[in-house]
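K.L.:
Provided below for reference: sequence and predicted model.
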Amino acid sequence: MIKVLFFGQLTDITGATSVEIPLAADTDELLKNLSEKYPALNSAKFVVAVNKKQINANTALDLQSTIVLMPPFSGG
Amino acid sequence: MIKVLFFGQLTDITGATSVEIPLAADTDELLKNLSEKYPALNSAKFVVAVNKKQINANTALDLQSTIVLMPPFSGG
Amino acid sequence: MAEKKVRNIFVKGPIDPSFIGESIGQHQTKTAIGGHSIFLGQVRADEIDGRKVSAIEYTAYEEMALEKMHVIRQDIFDNYPITCMHVYHSLGVVETGQICLFVFTSAPHRKAAIDSCEETVERLKAELPIWGKELFEDASYQWKENK
Amino acid sequence: MAEKKVRNIFVKGPIDPSFIGESIGQHQTKTAIGGHSIFLGQVRADEIDGRKVSAIEYTAYEEMALEKMHVIRQDIFDNYPITCMHVYHSLGVVETGQICLFVFTSAPHRKAAIDSCEETVERLKAELPIWGKELFEDASYQWKENK
(Lines give C-alpha, C1' and ligand atoms only; values in the text may rest on other atoms or scores of the structure.)
Protein backbone atom coordinates (compact mmCIF):
# COMPACT_ATOMS: atom_id res chain seq x y z
CA MET A 1 0.00 0.00 0.00
CA ILE A 2 1.07 3.57 -0.63
CA LYS A 3 -0.25 6.85 0.71
CA VAL A 4 -1.50 9.56 -1.66
CA LEU A 5 -2.12 13.09 -0.39
CA PHE A 6 -4.81 15.46 -1.69
CA PHE A 7 -5.23 19.20 -1.29
CA GLY A 8 -7.83 21.87 -1.92
CA GLN A 9 -10.97 20.98 -3.85
CA LEU A 10 -9.63 17.45 -4.47
CA THR A 11 -10.41 16.67 -0.84
CA ASP A 12 -14.08 17.30 -1.68
CA ILE A 13 -13.81 14.44 -4.18
CA THR A 14 -11.92 12.00 -1.98
CA GLY A 15 -13.52 13.02 1.30
CA ALA A 16 -10.06 12.77 2.86
CA THR A 17 -6.67 14.49 2.76
CA SER A 18 -4.94 11.16 2.19
CA VAL A 19 -5.84 7.67 1.02
CA GLU A 20 -3.93 4.39 1.05
CA ILE A 21 -4.07 2.45 -2.17
CA PRO A 22 -2.05 -0.48 -3.59
CA LEU A 23 1.36 0.54 -4.93
CA ALA A 24 1.41 1.09 -8.69
CA ALA A 25 4.48 0.81 -10.92
CA ASP A 26 4.26 4.40 -12.08
CA THR A 27 2.14 7.52 -11.85
CA ASP A 28 0.06 6.74 -14.96
CA GLU A 29 -1.08 3.45 -13.42
CA LEU A 30 -1.64 5.09 -10.04
CA LEU A 31 -3.81 7.83 -11.58
CA LYS A 32 -5.80 5.24 -13.50
CA ASN A 33 -6.46 3.34 -10.27
CA LEU A 34 -7.39 6.55 -8.45
CA SER A 35 -9.79 7.56 -11.24
CA GLU A 36 -11.59 4.25 -10.93
CA LYS A 37 -11.98 4.79 -7.22
CA TYR A 38 -12.89 8.51 -7.56
CA PRO A 39 -14.42 9.08 -11.02
CA ALA A 40 -14.80 12.83 -10.36
CA LEU A 41 -10.99 13.10 -10.56
CA ASN A 42 -11.33 12.69 -14.33
CA SER A 43 -12.82 16.14 -14.66
CA ALA A 44 -10.69 17.79 -11.95
CA LYS A 45 -7.71 20.02 -12.68
CA PHE A 46 -4.57 19.02 -10.81
CA VAL A 47 -0.85 18.38 -11.08
CA VAL A 48 1.09 15.59 -9.40
CA ALA A 49 4.14 15.93 -7.20
CA VAL A 50 6.41 12.97 -6.49
CA ASN A 51 8.88 13.50 -3.68
CA LYS A 52 8.04 17.22 -3.54
CA LYS A 53 8.78 17.80 -7.25
CA GLN A 54 6.05 18.48 -9.73
CA ILE A 55 6.17 15.86 -12.51
CA ASN A 56 5.46 16.50 -16.19
CA ALA A 57 5.69 12.90 -17.43
CA ASN A 58 4.98 9.39 -16.27
CA THR A 59 7.21 8.66 -13.28
CA ALA A 60 8.21 5.38 -11.65
CA LEU A 61 7.05 4.85 -8.08
CA ASP A 62 8.25 2.78 -5.14
CA LEU A 63 7.13 2.33 -1.56
CA GLN A 64 9.21 5.33 -0.47
CA SER A 65 7.55 7.71 -2.97
CA THR A 66 5.56 10.64 -1.62
CA ILE A 67 2.69 11.27 -4.02
CA VAL A 68 0.61 14.42 -3.86
CA LEU A 69 -2.25 15.59 -6.07
CA MET A 70 -2.46 19.39 -6.17
CA PRO A 71 -5.25 21.48 -7.72
CA PRO A 72 -4.43 25.02 -8.99
CA PHE A 73 -2.72 27.07 -6.27
CA SER A 74 -4.59 29.91 -4.62
CA GLY A 75 -2.30 31.28 -1.92
CA GLY A 76 -1.71 34.92 -1.13
CA MET B 1 10.36 95.91 -0.61
CA ILE B 2 9.45 92.33 -1.34
CA LYS B 3 10.48 89.12 0.37
CA VAL B 4 12.21 86.33 -1.58
CA LEU B 5 12.54 82.83 -0.08
CA PHE B 6 15.44 80.45 -0.68
CA PHE B 7 15.75 76.70 -0.06
CA GLY B 8 18.42 74.03 -0.04
CA GLN B 9 21.89 74.87 -1.30
CA LEU B 10 20.73 78.37 -2.29
CA THR B 11 20.73 79.28 1.40
CA ASP B 12 24.48 78.64 1.38
CA ILE B 13 24.77 81.42 -1.22
CA THR B 14 22.45 83.92 0.43
CA GLY B 15 23.31 83.02 4.01
CA ALA B 16 19.60 83.30 4.79
CA THR B 17 16.31 81.58 4.02
CA SER B 18 14.73 84.87 2.99
CA VAL B 19 15.88 88.34 1.93
CA GLU B 20 13.99 91.58 1.41
CA ILE B 21 14.82 93.42 -1.78
CA PRO B 22 13.15 96.28 -3.68
CA LEU B 23 10.10 95.22 -5.70
CA ALA B 24 10.84 94.53 -9.35
CA ALA B 25 8.32 94.73 -12.20
CA ASP B 26 8.79 91.11 -13.15
CA THR B 27 10.82 88.00 -12.36
CA ASP B 28 13.50 88.70 -14.99
CA GLU B 29 14.28 92.03 -13.37
CA LEU B 30 14.13 90.53 -9.89
CA LEU B 31 16.56 87.75 -10.82
CA LYS B 32 18.94 90.30 -12.36
CA ASN B 33 18.89 92.29 -9.12
CA LEU B 34 19.40 89.14 -7.05
CA SER B 35 22.34 88.05 -9.22
CA GLU B 36 24.03 91.37 -8.66
CA LYS B 37 23.62 90.98 -4.92
CA TYR B 38 24.61 87.24 -4.94
CA PRO B 39 26.83 86.57 -7.98
CA ALA B 40 27.06 82.85 -7.10
CA LEU B 41 23.38 82.53 -8.10
CA ASN B 42 24.52 82.82 -11.74
CA SER B 43 26.05 79.35 -11.61
CA ALA B 44 23.38 77.83 -9.37
CA LYS B 45 20.62 75.56 -10.64
CA PHE B 46 17.15 76.59 -9.53
CA VAL B 47 13.58 77.20 -10.59
CA VAL B 48 11.33 80.05 -9.48
CA ALA B 49 7.87 79.76 -7.96
CA VAL B 50 5.51 82.73 -7.84
CA ASN B 51 2.49 82.26 -5.59
CA LYS B 52 3.29 78.56 -5.18
CA LYS B 53 3.35 77.87 -8.93
CA GLN B 54 6.56 77.12 -10.74
CA ILE B 55 7.03 79.63 -13.58
CA ASN B 56 8.50 78.89 -16.99
CA ALA B 57 8.53 82.42 -18.42
CA ASN B 58 8.99 85.99 -17.23
CA THR B 59 6.17 86.79 -14.81
CA ALA B 60 4.82 90.12 -13.57
CA LEU B 61 5.19 90.79 -9.82
CA ASP B 62 3.40 92.94 -7.29
CA LEU B 63 3.76 93.51 -3.56
CA GLN B 64 1.52 90.53 -2.81
CA SER B 65 3.64 88.08 -4.84
CA THR B 66 5.30 85.21 -2.99
CA ILE B 67 8.61 84.52 -4.70
CA VAL B 68 10.62 81.39 -4.00
CA LEU B 69 13.88 80.16 -5.50
CA MET B 70 14.11 76.36 -5.44
CA PRO B 71 17.16 74.21 -6.28
CA PRO B 72 16.61 70.63 -7.55
CA PHE B 73 14.36 68.69 -5.19
CA SER B 74 15.81 65.90 -3.08
CA GLY B 75 13.02 64.62 -0.88
CA GLY B 76 12.23 60.99 -0.12
CA MET C 1 23.93 36.74 -0.66
CA ALA C 2 23.01 33.06 -1.05
CA GLU C 3 21.71 31.30 2.03
CA LYS C 4 21.47 27.59 2.56
CA LYS C 5 18.80 27.49 5.24
CA VAL C 6 15.20 26.76 4.22
CA ARG C 7 13.18 29.23 6.30
CA ASN C 8 9.65 28.77 7.54
CA ILE C 9 7.18 31.26 6.10
CA PHE C 10 3.97 29.95 7.66
CA VAL C 11 2.19 31.51 10.60
CA LYS C 12 -0.96 30.17 12.22
CA GLY C 13 -3.90 32.52 11.65
CA PRO C 14 -3.71 36.18 10.61
CA ILE C 15 -0.54 38.28 10.56
CA ASP C 16 -0.67 40.95 13.26
CA PRO C 17 -0.09 44.55 12.05
CA SER C 18 2.07 45.20 15.11
CA PHE C 19 4.34 42.31 14.03
CA ILE C 20 4.79 44.14 10.72
CA GLY C 21 5.73 47.32 12.58
CA GLU C 22 8.24 45.36 14.66
CA SER C 23 9.74 43.74 11.55
CA ILE C 24 10.25 47.17 10.03
CA GLY C 25 11.87 48.44 13.22
CA GLN C 26 14.35 45.58 13.25
CA HIS C 27 15.94 47.06 10.11
CA GLN C 28 17.06 50.28 11.75
CA THR C 29 20.50 48.84 12.44
CA LYS C 30 20.93 47.94 8.76
CA THR C 31 22.15 51.33 7.62
CA ALA C 32 23.04 50.21 4.07
CA ILE C 33 19.31 50.10 3.36
CA GLY C 34 17.74 53.07 1.58
CA GLY C 35 14.31 51.67 0.73
CA HIS C 36 11.84 49.03 1.87
CA SER C 37 8.98 47.65 -0.18
CA ILE C 38 6.14 45.78 1.48
CA PHE C 39 3.17 43.96 0.04
CA LEU C 40 0.32 42.82 2.28
CA GLY C 41 -2.52 40.57 1.25
CA GLN C 42 -5.76 41.20 3.14
CA VAL C 43 -8.84 38.96 3.05
CA ARG C 44 -11.54 40.72 1.07
CA ALA C 45 -15.27 40.44 1.83
CA ASP C 46 -16.16 39.38 -1.70
CA GLU C 47 -19.78 38.73 -2.53
CA ILE C 48 -20.29 35.73 -4.81
CA ASP C 49 -23.82 34.85 -5.99
CA GLY C 50 -25.28 36.75 -3.07
CA ARG C 51 -23.11 35.01 -0.48
CA LYS C 52 -20.56 37.08 1.42
CA VAL C 53 -17.05 35.81 2.24
CA SER C 54 -16.43 35.91 5.99
CA ALA C 55 -12.97 34.29 6.05
CA ILE C 56 -10.45 32.28 4.05
CA GLU C 57 -9.03 29.05 5.42
CA TYR C 58 -5.56 28.35 4.07
CA THR C 59 -3.89 24.98 3.76
CA ALA C 60 -0.52 24.24 2.19
CA TYR C 61 1.68 21.38 1.18
CA GLU C 62 4.12 22.90 3.61
CA GLU C 63 7.29 20.94 2.90
CA MET C 64 7.11 21.57 -0.84
CA ALA C 65 6.04 25.20 -0.38
CA LEU C 66 9.07 25.91 1.80
CA GLU C 67 11.42 24.31 -0.70
CA LYS C 68 9.86 26.28 -3.56
CA MET C 69 10.02 29.49 -1.56
CA HIS C 70 13.69 28.83 -0.94
CA VAL C 71 14.27 28.60 -4.71
CA ILE C 72 12.31 31.82 -5.31
CA ARG C 73 14.31 33.57 -2.60
CA GLN C 74 17.61 32.47 -4.16
CA ASP C 75 16.48 33.60 -7.61
CA ILE C 76 15.43 37.00 -6.30
CA PHE C 77 18.71 37.49 -4.44
CA ASP C 78 20.56 36.46 -7.62
CA ASN C 79 18.62 38.93 -9.76
CA TYR C 80 18.26 42.02 -7.58
CA PRO C 81 20.77 43.89 -5.41
CA ILE C 82 18.71 43.56 -2.23
CA THR C 83 19.79 43.47 1.38
CA CYS C 84 17.08 41.24 2.80
CA MET C 85 13.73 39.58 2.20
CA HIS C 86 11.07 38.36 4.59
CA VAL C 87 7.96 36.40 3.62
CA TYR C 88 5.08 35.26 5.84
CA HIS C 89 1.89 33.46 4.80
CA SER C 90 -1.03 32.49 7.00
CA LEU C 91 -2.33 28.97 7.50
CA GLY C 92 -5.76 28.25 8.91
CA VAL C 93 -8.61 30.71 9.19
CA VAL C 94 -8.05 34.41 8.39
CA GLU C 95 -11.10 36.62 8.66
CA THR C 96 -12.03 39.42 6.26
CA GLY C 97 -9.99 42.54 6.97
CA GLN C 98 -7.11 40.51 8.40
CA ILE C 99 -3.72 40.07 6.79
CA CYS C 100 -2.76 36.72 5.24
CA LEU C 101 0.44 37.60 3.34
CA PHE C 102 3.44 39.79 4.22
CA VAL C 103 6.27 40.21 1.71
CA PHE C 104 9.07 42.59 2.70
CA THR C 105 12.18 43.44 0.67
CA SER C 106 14.88 45.99 1.44
CA ALA C 107 17.71 47.37 -0.67
CA PRO C 108 20.17 50.23 -0.83
CA HIS C 109 18.11 51.77 -3.66
CA ARG C 110 14.35 51.83 -4.12
CA LYS C 111 14.06 50.24 -7.54
CA ALA C 112 15.52 46.90 -6.45
CA ALA C 113 13.33 46.85 -3.33
CA ILE C 114 10.15 47.63 -5.29
CA ASP C 115 10.78 45.31 -8.24
CA SER C 116 11.93 42.36 -6.13
CA CYS C 117 8.91 42.68 -3.85
CA GLU C 118 6.49 42.62 -6.76
CA GLU C 119 8.24 39.68 -8.42
CA THR C 120 8.26 37.72 -5.16
CA VAL C 121 4.52 38.27 -4.73
CA GLU C 122 3.77 37.15 -8.30
CA ARG C 123 5.99 34.10 -8.05
CA LEU C 124 4.74 32.89 -4.71
CA LYS C 125 1.12 33.20 -5.82
CA ALA C 126 1.89 31.16 -8.94
CA GLU C 127 4.32 28.62 -7.52
CA LEU C 128 3.61 27.85 -3.89
CA PRO C 129 1.27 24.93 -3.19
CA ILE C 130 -1.16 26.83 -0.99
CA TRP C 131 -4.94 26.74 -1.20
CA GLY C 132 -7.56 29.13 0.07
CA LYS C 133 -11.07 28.01 0.96
CA GLU C 134 -13.50 30.92 0.95
CA LEU C 135 -15.88 30.52 3.86
CA PHE C 136 -19.21 32.28 3.43
CA GLU C 137 -21.38 33.79 6.13
CA ASP C 138 -24.05 31.15 5.47
CA ALA C 139 -21.52 28.37 6.33
CA SER C 140 -21.12 27.29 2.69
CA TYR C 141 -17.71 27.56 1.01
CA GLN C 142 -15.90 27.58 -2.30
CA TRP C 143 -12.27 27.05 -3.22
CA LYS C 144 -10.48 30.25 -4.13
CA GLU C 145 -8.95 30.65 -7.58
CA ASN C 146 -6.05 32.98 -8.25
CA LYS C 147 -6.36 35.19 -11.32
CA MET D 1 -12.91 59.10 -4.98
CA ALA D 2 -11.87 62.77 -5.32
CA GLU D 3 -11.28 64.62 -2.09
CA LYS D 4 -11.16 68.36 -1.66
CA LYS D 5 -9.13 68.59 1.52
CA VAL D 6 -5.38 69.26 1.25
CA ARG D 7 -3.87 66.88 3.80
CA ASN D 8 -0.69 67.39 5.74
CA ILE D 9 2.04 64.86 4.94
CA PHE D 10 4.83 66.25 7.10
CA VAL D 11 5.95 64.80 10.39
CA LYS D 12 8.68 66.19 12.62
CA GLY D 13 11.67 63.85 12.75
CA PRO D 14 11.68 60.16 11.83
CA ILE D 15 8.60 58.04 11.17
CA ASP D 16 8.13 55.47 13.95
CA PRO D 17 7.80 51.82 12.78
CA SER D 18 5.02 51.29 15.33
CA PHE D 19 3.07 54.12 13.68
CA ILE D 20 3.34 52.18 10.42
CA GLY D 21 1.99 49.06 12.13
CA GLU D 22 -0.90 51.08 13.56
CA SER D 23 -1.69 52.59 10.15
CA ILE D 24 -1.88 49.10 8.68
CA GLY D 25 -4.15 47.92 11.50
CA GLN D 26 -6.56 50.78 10.88
CA HIS D 27 -7.45 49.19 7.54
CA GLN D 28 -8.91 46.02 9.00
CA THR D 29 -12.42 47.47 8.90
CA LYS D 30 -12.04 48.23 5.19
CA THR D 31 -13.00 44.81 3.93
CA ALA D 32 -13.12 45.79 0.26
CA ILE D 33 -9.31 45.89 0.35
CA GLY D 34 -7.39 42.87 -0.95
CA GLY D 35 -3.86 44.27 -1.10
CA HIS D 36 -1.68 46.96 0.45
CA SER D 37 1.56 48.27 -1.00
CA ILE D 38 3.99 50.20 1.16
CA PHE D 39 7.21 52.00 0.33
CA LEU D 40 9.51 53.21 3.08
CA GLY D 41 12.51 55.45 2.60
CA GLN D 42 15.27 54.89 5.16
CA VAL D 43 18.30 57.14 5.65
CA ARG D 44 21.36 55.31 4.35
CA ALA D 45 24.82 55.64 5.88
CA ASP D 46 26.45 56.58 2.59
CA GLU D 47 30.16 57.21 2.51
CA ILE D 48 31.14 60.15 0.31
CA ASP D 49 34.83 61.00 -0.12
CA GLY D 50 35.64 59.18 3.10
CA ARG D 51 32.97 61.02 5.10
CA LYS D 52 30.08 59.01 6.48
CA VAL D 53 26.50 60.30 6.49
CA SER D 54 25.09 60.31 10.02
CA ALA D 55 21.72 61.93 9.29
CA ILE D 56 19.69 63.85 6.73
CA GLU D 57 18.02 67.12 7.64
CA TYR D 58 14.91 67.75 5.56
CA THR D 59 13.38 71.11 4.78
CA ALA D 60 10.42 71.78 2.51
CA TYR D 61 8.50 74.61 0.97
CA GLU D 62 5.59 73.14 2.85
CA GLU D 63 2.65 75.07 1.42
CA MET D 64 3.62 74.32 -2.16
CA ALA D 65 4.55 70.72 -1.37
CA LEU D 66 1.14 70.04 0.15
CA GLU D 67 -0.63 71.56 -2.86
CA LYS D 68 1.50 69.50 -5.25
CA MET D 69 0.92 66.36 -3.21
CA HIS D 70 -2.80 67.03 -3.41
CA VAL D 71 -2.57 67.13 -7.21
CA ILE D 72 -0.54 63.90 -7.28
CA ARG D 73 -3.08 62.23 -5.00
CA GLN D 74 -5.96 63.27 -7.25
CA ASP D 75 -4.13 62.03 -10.34
CA ILE D 76 -3.40 58.67 -8.73
CA PHE D 77 -7.01 58.24 -7.61
CA ASP D 78 -8.14 59.14 -11.13
CA ASN D 79 -5.79 56.62 -12.72
CA TYR D 80 -5.92 53.61 -10.41
CA PRO D 81 -8.83 51.79 -8.75
CA ILE D 82 -7.50 52.24 -5.23
CA THR D 83 -9.33 52.46 -1.93
CA CYS D 84 -6.99 54.75 -0.05
CA MET D 85 -3.58 56.39 0.03
CA HIS D 86 -1.48 57.72 2.89
CA VAL D 87 1.78 59.64 2.54
CA TYR D 88 4.12 60.87 5.28
CA HIS D 89 7.47 62.63 4.87
CA SER D 90 9.85 63.70 7.60
CA LEU D 91 11.02 67.25 8.24
CA GLY D 92 14.08 68.04 10.33
CA VAL D 93 16.79 65.58 11.30
CA VAL D 94 16.41 61.87 10.52
CA GLU D 95 19.32 59.67 11.53
CA THR D 96 20.73 56.80 9.49
CA GLY D 97 18.56 53.70 9.84
CA GLN D 98 15.47 55.77 10.56
CA ILE D 99 12.49 56.13 8.24
CA CYS D 100 11.91 59.42 6.40
CA LEU D 101 9.18 58.47 3.90
CA PHE D 102 6.07 56.29 4.20
CA VAL D 103 3.83 55.78 1.17
CA PHE D 104 0.88 53.42 1.63
CA THR D 105 -1.73 52.49 -1.00
CA SER D 106 -4.56 49.96 -0.72
CA ALA D 107 -6.86 48.49 -3.34
CA PRO D 108 -9.24 45.61 -3.94
CA HIS D 109 -6.62 44.00 -6.20
CA ARG D 110 -2.86 43.92 -5.83
CA LYS D 111 -1.84 45.41 -9.17
CA ALA D 112 -3.50 48.77 -8.54
CA ALA D 113 -2.02 48.93 -5.03
CA ILE D 114 1.51 48.09 -6.23
CA ASP D 115 1.53 50.32 -9.33
CA SER D 116 -0.04 53.32 -7.62
CA CYS D 117 2.42 53.11 -4.74
CA GLU D 118 5.42 53.08 -7.07
CA GLU D 119 4.07 55.96 -9.17
CA THR D 120 3.36 58.01 -6.07
CA VAL D 121 6.92 57.50 -4.82
CA GLU D 122 8.41 58.49 -8.18
CA ARG D 123 6.23 61.56 -8.54
CA LEU D 124 6.73 62.88 -5.04
CA LYS D 125 10.50 62.55 -5.35
CA ALA D 126 10.42 64.47 -8.62
CA GLU D 127 7.76 67.05 -7.86
CA LEU D 128 7.67 67.95 -4.18
CA PRO D 129 9.83 70.92 -3.11
CA ILE D 130 11.70 69.09 -0.37
CA TRP D 131 15.44 69.19 0.23
CA GLY D 132 17.73 66.85 2.11
CA LYS D 133 20.97 68.01 3.70
CA GLU D 134 23.32 65.11 4.31
CA LEU D 135 25.03 65.63 7.64
CA PHE D 136 28.36 63.86 8.01
CA GLU D 137 29.90 62.44 11.15
CA ASP D 138 32.65 65.08 10.96
CA ALA D 139 30.00 67.86 11.18
CA SER D 140 30.40 68.82 7.51
CA TYR D 141 27.44 68.50 5.14
CA GLN D 142 26.37 68.35 1.53
CA TRP D 143 23.02 68.84 -0.17
CA LYS D 144 21.47 65.58 -1.34
CA GLU D 145 20.70 65.08 -5.00
CA ASN D 146 17.98 62.70 -6.20
CA LYS D 147 18.93 60.37 -9.03
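P.N.:
Sure, I can see it. Numbers count the residues shown, from 1 in each chain, chains lettered A, B, ... in the order given.

K.L.:
Now residue A:18: phi and psi?
P.N.:
phi -150, psi 150 (degrees, to the nearest 10).

K.L.:
okay, now it: neighbour count?
P.N.:
12 (other Cβ atoms under 10 Å in any protein chain shown). All C-beta spots, glycine's among them, are computed from the backbone N, C-alpha and C.

K.L.:
Leaving out sequence neighbours, find the closest residue to the closest residue to chain D within chain A.
P.N.:
Proximity of chain A to chain D (Cβ to the nearest Cβ) peaks at residue A:76, 8.1 Å away. Leaving out its chain neighbours, the residue that sits closest to residue A:76 by Cβ to Cβ, 6 or more residues apart in numbering or on different chains is residue C:125, at 4.2 Å.

K.L.:
Next, count neighbours for the residue of chain A closest to chain D.
P.N.:
24.

K.L.:
Wait, it touches residue C:88, no?
P.N.:
No: using Cβ atoms under 8 Å, residue A:76 is not in contact with residue C:88, being 11.4 Å away.

K.L.:
Could you tell me which residues touch both of those two?
P.N.:
The contact sets of residue A:76 and residue C:88 overlap at residue C:101 (Cβ atoms under 8 Å, 6 or more residues apart in numbering or on different chains).

K.L.:
Please name the nearest non-neighbouring residue to residue C:101.
P.N.:
residue C:41 (3.3 Å).

K.L.:
Residues in a beta bridge with that neighbour, which ones?
P.N.:
residue C:101, residue D:35 (DSSP bridges).

K.L.:
Now for the residue nearest in space to the middle of chain A, which secondary structure element holds it?
P.N.:
Taking Cα atoms, centre = their mean, the centroid of chain A lies closest to residue A:69, which sits 3.6 Å from it. Using DSSP states H and E, residue A:69 maps to strand A:67-70.

K.L.:
Who are the packing partners of that strand?
P.N.:
strand A:2-6, helix A:27-37, strand A:47-50 (3 or more Cβ pairs under 8 Å, 6 or more residues apart in numbering or on different chains; DSSP states H and E).

K.L.:
what sits up against the lowest-mean-pLDDT helix or strand in chain C?
P.N.:
None of the helices or strands of chain C scores lower by mean pLDDT, DSSP states H and E than strand C:47-48, at a mean of 90. Identification of contacts with strand C:47-48 by Cβ under 8 Å, 6+ apart yields C:53, C:134, C:136, C:142.

K.L.:
List the contacts of the first one.
P.N.:
With contact taken as Cβ under 8 Å, 6+ apart, residue C:53 is in contact with C:43, C:44, C:45, C:46, C:47, C:96, C:134, C:135, C:136, C:137.

K.L.:
Is it correct that the first one is in contact with residue C:97?
P.N.:
Which is residue C:43. Yes: assessed by Cβ under 8 Å, residue C:43 is found in contact with residue C:97 at 6.7 Å.

K.L.:
residue ranges of the helices in chain C, please?
P.N.:
Using DSSP state H, the helices of chain C run over C:17-25, C:62-79, C:110-127.

K.L.:
can you redo those as a markdown table with mean neighbour count and mean pLDDT?
P.N.:
Formatted as a markdown table, the helices of chain C follow (neighbours: other Cβ atoms under 10 Å in any protein chain shown; pLDDT from 0 to 100):
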| stretch | mean neighbour count | mean pLDDT |
| --- | --- | --- |
| helix C:17-25 | 19 | 98 |
| helix C:62-79 | 17 | 98 |
| helix C:110-127 | 21 | 98 |
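
K.L.:
rewinding a little: check contacts around the residue nearest to residue C:101.
P.N.:
Counted by Cβ under 8 Å, 6+ apart, residue C:41 has contacts A:76, C:99, C:100, C:101, C:102, D:34, D:35, D:110.

K.L.:
what about 6 Å?
P.N.:
Contact analysis of residue C:41 by Cβ atoms under 6 Å, 6 or more residues apart in numbering or on different chains lists A:76, C:100, C:101, D:35.

K.L.:
Distance check, it against residue D:34.
P.N.:
7 Å (Cβ to Cβ, to the nearest Å).

K.L.:
what's the closest of the helices of chain C to residue A:14?
P.N.:
helix C:62-79 (18.8 Å; Cβ to Cβ).

K.L.:
Tell me which residue of chain C lies closest to chain D.
P.N.:
residue C:21 (2.3 Å).

K.L.:
And that residue, how far from chain B?
P.N.:
21 Å (Cβ to the nearest Cβ, to the nearest Å).

K.L.:
and that residue, what is it in contact with?
P.N.:
D:17, D:18, D:20, D:21.

K.L.:
quick revisit: bridged to the residue nearest to the centre of chain A, which residues?
P.N.:
residue A:6, residue A:48.

K.L.:
does the residue of chain A at minimum distance from chain B sit in a helix, a strand or a coil?
P.N.:
Closest residue of chain A to chain B, Cβ to the nearest Cβ: residue A:76 (28.5 Å). With DSSP: H, G, I helix; E, B strand; the rest coil as the basis, residue A:76 sits in coil.

K.L.:
Touching, it and residue C:127? I think so.
P.N.:
No: between residue A:76 and residue C:127 there is no contact under Cβ atoms under 6 Å: 10.7 Å.

K.L.:
For residue C:135, which non-adjacent residue is spatially closest?
P.N.:
residue C:55 (4.6 Å).

K.L.:
Quick check, the one you found in contact with residue C:95.
P.N.:
Yes: taking contacts as Cβ under 6 Å, residue C:55 lies within contact range of residue C:95: 4.5 Å.

K.L.:
Which of the two has more residues huddled nearby?
P.N.:
Legend: neighbour count by other Cβ under 10 Å for residue C:55 and residue C:95, higher for residue C:55 (23 against 17).

K.L.:
show me the contacts for the more buried one.
P.N.:
C:93, C:95, C:135.

K.L.:
likewise residue C:36?
P.N.:
Residue C:36 touches C:106, C:113, D:40, counting by Cβ under 6 Å, 6+ apart.

K.L.:
got a list of what the last one touches?
P.N.:
Shown in contact with residue D:40 (Cβ under 6 Å, 6+ apart): C:36, D:99, D:102.

K.L.:
just the first one next, same as before
P.N.:
In this structure, residue C:106 makes contact with C:27, C:33, C:36, C:83, C:84, C:113, judged by Cβ under 6 Å, 6+ apart.

K.L.:
That one and residue C:68, how far apart?
P.N.:
22 Å.

K.L.:
Appreciated, that's everything.
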